[in-house]
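Engineer: make a model of this:
(one chain, ligands or ions: 1)
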Amino acid sequence: MQKTLKKISELYWRYYWMVIKEVRLILGDQLYVRHSWFEKVNPEVLYLMMEVRSETDYVSHHIQKVIAFFAAMRAFSAHLSAKGHRILYLGLDDPRNQQSFGENLKWVLEENPEAAWAYQSPDEYRLDQLFLELSSQLGVSSRSVDSEHFLCEREAVKDFFVGKKQYLLESFYRHLRKQTGLLMQGSKPLGGKWNFDAENRQKYDGQVPLPPTVKLANQVDELLEMVRNAGVQTIGSIDNNQLEWPIDRVQSLKLLEHFCKYGLPHFGSYQDAMTEDDPFLFHSRLSFALNVKILHPREVLNRVVQEWEDRPDQISLAQVEGFVRQILGWREYIRGIYWAEMPAYSESNELGHKLSLPSWFWNAKTRMRCLSQSIEQSLEYAYAHHIQRLMVTGNFALLAGIAPAEVDRWYLGIYIDAIEWVELPNTRGMSQFADGGLLATKPYVSSANYLRKMGHYCEKCPYDAKSRHGMLACPFNSLYWDFHDRHREKLSRNPRIGMVYRTWDKMNSDERAAIRKRAVWIKEHLEEL
Ligand code: FAD
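Structural biologist: Here you go, the predicted structure:
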């Protein structure tokens with residue numbers, strides 16, 4: 001016994017004094033435990049993680065987002081330590097913390113003069129640029145490695161669509177299905193179809209029970225106190241100081257299992273539905289765990305396909321294909337667009353929109369039921385599902401003519417999963433048509449008709465979903481026609497929109513004038529809606 005203790009003590013001191021040869025930076029969204037960096041413990045490597053103001057302050061984030069990042073980072077650091085890796089973790093309130101990647105790195109490298117530094121390729125353009133600059137400024141040799149998370153290379157979309165004016169999801173998605181063999185039978189799609197979209201557009205009327213709540217309840221009093229004491233500006237709320245987002249693999253896998261059991265059997269059917277009964281419906285809520293890389297997309301896809309194979313009588317192919325399309329298709333495609341188009345993409349504003357977001361985007365105080373509910377839910381949970389983001393808040397911002405930069409900042413701040421590489425193409429491209437149709441074949445806009453068809457908001461709304469003008473007419477209606485009218489030159493040549501213009505042109509001129517008048521009033525009185 002005595003001998004063993006002596007040996008452990010010797011090893012400890014040898015390890016402790018071992019000179020650091022490489023400092024490896026791990027970002028808050030690089031929490032992938034199976035990364036090859038962590039396969040072996042190397043005492044000459046120091047892992048560096050930090051909570052810094054440059055990240056908490058570049059936009060006003062939702063309080064749950066800031067806390068979820070820090071809680072997940074701390075859990076990851078504890079995991080690495082327990083495995084025997086050397087790690088330096090700088091908390092937000094650590095007196096040594098200089099609150100930026102560059103300053104902290106400089107200090108750590110000065111402390112370890114024999115060390116080079118290394119980083120995993122970041123997913124954000126601004127950090128990619130920063131690390132390139134630091135690599136040349138710090139005067140220390142550096143190298144970058146892959147984050148080993150995505151299914152495609154950064155350049156995959158750019159290379160695939162070379163010479164094309166539009167990047168079509170469908171062709172990229174089919175290419176990835178073939179490449180990965182997911183839901184394939186040889187070179188043919190399983191079930192004979194690539195796409196079951198037509199079966200995926202049901203309204204939710206309580207036909208099937210909603211999934212039970214999954215409780216994660218991470219108590220985060222200390223983190224909250226630290227963030228509040230530091231004066232970080234945040235938005236939204238957190239109930240009872242409990243975080244209901246997964247911060248480690250155990251919790252993320254619990255959420256994945258919950259989704260497979262309850263969400264997947266109805267995912268496709270109700271993915272576009274909107275209801276006030278439940279903020280999550282049959283959605284997975286996996287975006288945070290995926291975006292910070294706690295989960296790997298491939299393991300999520302494999303697990304979901306496995307569940308479908310195990311329960312063929314309870315889960316149809318349409319449900320699982322709908323989900324595979326989101327992760328294999330949309331997620332990889334969106335990332336590829338980001339890297340193909342940055343940095344110009346972040347400045348795009350094809351329609352020249354200039355208005356400011358009304359203040360009720362931050363407090364949900366509008367009478368429009370769809371917007372008040374979707375915003376209130378976002379402030380409460382840091383979450384809204386895709387159709388709420390696209391066809392409620394995004395639809396309104398686009399129809400009203402809000403400046404895309406403002407829309408971006410709102411989306412980048414409020415959602416738990418918002419990281420620029422995925423937020424920006426979704427907001428600028430898909431939602432705001434600011435790229436002029438590189439991503440979306442036509443603007444995702446609708447009048448109240450669509451909202452009535454896919455949800456129940458209109459039933460409880462003081463505005464009349466069927467009227468186009470008059471003070472009680474739903475603002476979406478006049479704004480919808482006004483949007484097409486004012487962008488006629490850019491949009492009317494699009495064959496997918498031709499019908500809208502034919503209907504508008506057939507309306508009598510008094511009707512058109514009344515619609516225009518109502519739209520002008522709305523745009524001048526956004527705060528009062
Ligand atoms: P589910 O509906 O269960 O879908 C499963 C997974 O598919 C998601 O977790 C996500 O990883 C992936 N996925 C689905 N749609 C997309 C998409 N369009 N782009 C990329 N991945 C997708 N997603 C983010 O992760 N971060 C964002 O900042 C973000 N901003 C958005 C902004 C706007 C204006 C719009 C219209 C969409 C945005 N999305 C964003 C995409 C999508 O809304 C979210 O991924 C989804 O709502 C997350 O919830 P979930 O995990 O329950 O998703």
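Engineer: next up, the contacts around the residue nearest to residue 196 when sequence neighbours are not counted.
Structural biologist: The spatially closest residue to residue 196, leaving aside those adjacent along the chain, is residue 318, at 3.7 Å (Cβ to Cβ, 6 or more residues apart in numbering). No exception for glycine: its C-beta is placed from N, CA and C like everyone else's. Contact analysis of residue 318 by Cβ atoms under 8 Å, 6 or more residues apart in numbering lists 196, 199, 200, 268, 269.
Engineer: looking at those, spot the one nearest the ligand.
Structural biologist: residue 268 (10.3 Å; Cβ to the nearest ligand atom).
Engineer: nearest residue to that closest one other than its sequence neighbours?
Structural biologist: Residue 268 sits nearest to residue 322 (Cβ to Cβ, 6+ apart), 3.0 Å away.
Engineer: can you report phi and psi for residue 89?
Structural biologist: phi -110, psi 120 (degrees, to the nearest 10).
Engineer: in this structure it contacts residue 76, no?
Structural biologist: No. Taking contacts as Cβ atoms under 8 Å, residue 89 lies outside contact range of residue 76: 9.4 Å.
Engineer: more neighbours, the two?
Structural biologist: residue 76 (26 against 18; other Cβ atoms under 10 Å).
Engineer: on that earlier part again, overlap of the contact sets of residue 89 and residue 76?
Structural biologist: Contacts common to residue 89 and residue 76, judged by Cβ under 8 Å, 6+ apart, are residue 49.
Engineer: which residues touch the residue nearest to residue 268?
Structural biologist: Contacts of residue 322 (Cβ under 8 Å, 6+ apart): 196, 197, 200, 267, 268, 271.
Engineer: kindly report the same for residue 235.
Structural biologist: Contacts of residue 235 (Cβ under 8 Å, 6+ apart): 60, 61, 62, 63, 362, 379, 413, 414.
Engineer: from residue 364, how far out is it?
Structural biologist: According to Cβ to Cβ, to the nearest Å, residue 235 stands 11 Å off from residue 364.
Engineer: got it, and residue 338?
Structural biologist: 29 Å.
Engineer: can you pick out the residue with more neighbours from these two?
Structural biologist: Set side by side, residue 338 and residue 364 show more neighbours around residue 338, with 25 against 16, by other Cβ under 10 Å.
Engineer: that one falls within a helix, correct?
Structural biologist: Yes. Under DSSP: H, G, I helix; E, B strand; the rest coil, residue 338 sits within a helix.
Engineer: now do the contacts for it.
Structural biologist: 125, 345, 420, 421, 422, 424, 425.
Engineer: any weak-confidence spans in the stretch 1-150 of the chain?
Structural biologist: 1-17 (pLDDT under 70).
Engineer: quick one: the helices in it, in order.
Structural biologist: Assigned by DSSP state H, counting those that start in this stretch, the helices in the stretch 1-150 of the chain fall at 2-17, 53-56, 63-82, 101-111, 125-137.
Engineer: export these to CSV and append columns for distance to the ligand.
Structural biologist: Listed next are the helices of the stretch 1-150 of the chain as CSV, based on distance: least, Cβ to the nearest ligand atom, whole Å:
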stretch, distance to the ligand
helix 2-17, 39
helix 53-56, 15
helix 63-82, 10
helix 101-111, 21
helix 125-137, 15
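Engineer: can you say which of those helices is nearest to residue 118?
Structural biologist: helix 125-137 (10.1 Å; Cβ to Cβ).
Engineer: show me what the closest one is packed against.
Structural biologist: Contact analysis of helix 125-137 by 3 or more Cβ pairs under 8 Å, 6 or more residues apart in numbering; DSSP states H and E lists helix 101-111, strand 142-145, helix 420-424 as its packing neighbours.
Engineer: tell me what the following helix or strand past the shortest one is packed against?
Structural biologist: For strand 142-145, the succeeding helix or strand toward the C-terminus, using DSSP states H and E, is helix 156-160. Helix 156-160 sits against helix 169-180, helix 332-341, with contacts defined as 3+ Cβ pairs under 8 Å, 6+ apart.
Engineer: tally of neighbours for residue 436?
Structural biologist: 15.
Engineer: near the ligand, which residues of this protein?
Structural biologist: 283-287, 290-291, 326-327, 330-331, 334, 385-386, 389-390, 394, 411, 415, 417-418, 422-423, 426-427, 430-431 (Cβ under 6 Å from any ligand atom).
Engineer: quick revisit: where's the dip in pLDDT among the contacts of residue 322?
Structural biologist: The member of the contacts of residue 322 with the lowest pLDDT is residue 200, and it reads 73.
Engineer: ok so, going back, out of the helices and strands packed on helix 125-137, deepest packed?
Structural biologist: helix 420-424 (a mean of 23; mean count of other Cβ atoms under 10 Å).
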